[in-house]
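>>> need a structure here:
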Amino acid sequence: MEEASTVSAARGVDTGRLRTGLNAEAHRIVYDQYLPPVDGAEHCGGLIEELGFISEVDRAHLVMLVERGIVDAAPVAALLRAIDALRADGFAPVQARPMPRGVYLAYESHLVAELGDDVGGVLHTGRSRNDLNATTARLRARRHAGSLLEAVRHLATVLLDRAAAYRTVTMPAYTHGQPAVPITYGHYLTGVASAVVRGLRDLLDAARELDVNPLGAGAVGGTSVPVDPVRTGELLGFATAARNSVDAVASRDFGLRLLSAAGVLGVVAARVARDLTFWTVEENPLLRLADDLVGSSSMMPQKRNPFLLEHIQGRATASLGAFTAAASAMVTAPYTNAIAVTGDALRHVWPGMRATVDVVVLLRLVVAGAEPDAHRMLRRAVDGYTSATYLAERLVATGVPFRTAHHLVGRAVADALEAGAPLAAAAAAPEIAAAAPDDGDANWLSPTAVAAACAYGAGPGGDSTERAIGELHGELDALSAELTGRTRRWAEGAALLDAAARAAAA
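Presented below is the predicted three-dimensional model:
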């Protein structure tokens, strides 16, 4: 009875074949989507988030208005205290109001009803919903972009760490699904890291518009009120102010650029997942994933399913679909403020970016938890005759034209395959024997030796991989410093705003 109860308690974690549950990060990504929302909690969460952004912009705007002498200190102080109370209460009074003209006007009407026209009515001085919406959209995008940028930075770090750890583990590179030439697993991971670091750079470039403050642009033509976008930008963590009021309210290019960069990264992740799927097949596994990165079968007790790789592939192009949907919504809108752009287009951006974060996190977990089988990798490189190209190149070094060498080695490989002999036997053929080095090294055709010899053209030989890892670390450090600088500016702006708002509310 005790044994049965132990099995029952462990069911879902210890399946017999697998002794651990799924990695916690992976579990959140894969299974939390199945948790039912609690009575509209998902909608309320989005509404509270939007009201949070609106109130943050309001605080900066009010501080600027009183500092510039545009509005008296007393109504600004009353408004700031009322806004702080709303934020502390989760905007419950606003959520309870009807919203026939949108979220902002319901929020503003609450403040007017509570404080009176003379106080609440000054909030919107020198501002429109258009430049307000443009600003909150950037704040929301900043949050999503920050999560994605950090996830990509972390993936790049893990790739480079694993590349260094496995830089001497010989394996075959594959073309058309067939063993091609010898490389190392570290060399492969360095190649993937190159693409991921480029992806990080592309995302940082795509997010540059998020550093531009559109406040002050008004409905589309600015305002005669002497507002100070530089000051509100400083309080909200922006780097610069918009240079043109039309562009400030019309453009949501950052959404398309972020989705485009995320889409390219997703394609890279899907292709890597395809490789890792191929290399974890049970018939000839080159990699083994940790138990907390695989799933079991509900029926077949022997299974270890690398199903996270399927989730990577399945979600990898969500950002591309989001790009298509967002661009399609924008394409018929005029170049001014338009609901199709501010609402219909942007609503596709957030889930597209969240899906890319999930893909990047899952790929990082798999790369970190994938253990190469060095013996089997080397065996596949040997059995796949991956040193044949090097043998042909050795013949070229003796003066044989490459196409002739290619033919000779190809025929010798066919003979060796028919006889079940290794490539070294093919190299002993009279017409090929001249390719052998003079030092008598019996292992000169081993895939490890060949990989080491391929030091040109950024191959795995010499110090190529180590040098590439070092250079990529340098690029990653520079990009990380840029990312840190942006997030620090955002945090410093928030702290500056808190201090200024407290002083103005006193």
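>>> Count residues in the vicinity of L276, would you?
Neighbouring residues of L276 were enumerated by other CB atoms under 10 Å; the total is 20. Heads up, the C-betas are built off the backbone N, CA and C, glycines and all.
>>> quick one, phi psi at it?
Torsion angles at L276 (phi, psi; degrees, to the nearest 10) stand at phi -70, psi -30.
>>> Which helix runs longest in the protein?
helix 464-505 (DSSP state H).
>>> what's the spacing between V359 and S480?
Here V359 is placed at a distance of 20 Å from S480 (CB to CB, to the nearest Å).
>>> can you check S224 too?
If you measure S224 against S480 using CB to CB, the figure is 44 Å.
>>> check contacts around D205.
Residues in contact with D205 (CB atoms under 8 Å, 6 or more residues apart in numbering) are R257, A261.
>>> Just give the closest residue to A449, not the sequence neighbours.
Nearest non-adjacent residue to A449, counting by CB to CB, 6 or more residues apart in numbering: N443, 5.6 Å away.
>>> The protein - how does it break down into domains?
Following automatic domain parsing, the chain resolves into domains at 41-125, 142-374+467-497, 380-464.
>>> what are the ranges of the strands in the stretch 51-200 of the chain?
Secondary structure of the stretch 51-200 of the chain, counting by DSSP state E, counting those that start in this stretch: strands at 170-175, 178-184.
>>> Could you check how far A495 is from A501?
Counting by CB to CB, the separation of A495 from A501 is 11 Å.
>>> avg pLDDT for stretch 288-296?
Stretch 288-296 comes out with an average pLDDT of 85.
>>> Show me what counts as buried in it.
For stretch 288-296, burial by neighbour count (16 or more other CB atoms under 10 Å) applies to R288, L289, D291, D292, L293, V294, G295, S296.
>>> likewise stretch 269-282?
The neighbour-count check on stretch 269-282 (16+ other CB under 10 Å) flags A269, A270, V272, A273, L276, W279, T280 as buried.
>>> And stretch 486-503, by the same measure?
R486, R489, W490, G493, L496, L497, A500, A501.
>>> measure stretch 378-389 end to end?
Separation of the first and last residues of stretch 378-389 by CA to CA, to the nearest Å is 17 Å.
>>> what are the ranges of the helices in the stretch 301-450 of the chain?
307-315, 318-330, 339, 349-369, 374-383, 388-397, 402-419, 423-427, 447-453 (DSSP state H, counting those that start in this stretch).
>>> Quick check: phi and psi at the most far-flung residue of the chain relative to its centre.
Residue distances from the centre of the chain (CA atoms, centre = their mean) peak at P430, which lies 54.5 Å from the mean C-alpha position. The phi and psi torsions at P430 (degrees, to the nearest 10) take the values phi -50, psi -40.
>>> what about it, distance to A412?
10 Å.
>>> For the helices of the stretch 301-450 of the chain, give me TSV that also has mean pLDDT, distance to E150 and mean neighbour count.
As requested, the helices of the stretch 301-450 of the chain are exported to TSV (pLDDT from 0 to 100; distance: least, CB to CB, whole Å; neighbours: other CB atoms under 10 Å):
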stretch	mean pLDDT	distance to E150	mean neighbour count
helix 307-315	92	18	20
helix 318-330	96	17	20
helix 339	91	32	11
helix 349-369	96	9	23
helix 374-383	96	32	18
helix 388-397	92	41	20
helix 402-419	91	48	15
helix 423-427	83	47	20
helix 447-453	95	34	22
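>>> Looking at those, spot the one closest to Q178.
helix 374-383 (10.7 Å; CB to CB).
>>> Show me what that closest one is packed against.
strand 170-175, strand 178-184, helix 447-453 (3 or more CB pairs under 8 Å, 6 or more residues apart in numbering; DSSP states H and E).
>>> try it again with 10 Å
When contacts are defined as 3 or more CB pairs under 10 Å, 6 or more residues apart in numbering; DSSP states H and E, helix 374-383 sits against strand 170-175, strand 178-184, helix 253-279, strand 287-289, helix 423-427, helix 447-453.
>>> Contacts for that helix next, please.
Here helix 374-383 makes contact (CB atoms under 10 Å, 6 or more residues apart in numbering) with 166, 168-174, 179-185, 279, 284-288, 373, 386-387, 422-424, 445-448, 450-451.
>>> Then stretch 90-97?
43-44, 47-48, 50-52, 54-55, 82-83, 85-86, 89, 103-111, 113-114.
>>> one more time with 6 Å
I48, L51, A106, Y107, H110 (CB atoms under 6 Å, 6 or more residues apart in numbering).
>>> Can you name the residues that contact the last one?
Same thing as H110. By CB under 6 Å, 6+ apart, the neighbours of H110 are P93, V94, R97.
>>> With the third one instead?
Residues in contact with A106, defined by CB under 6 Å, 6+ apart, are V94, R97, M99.
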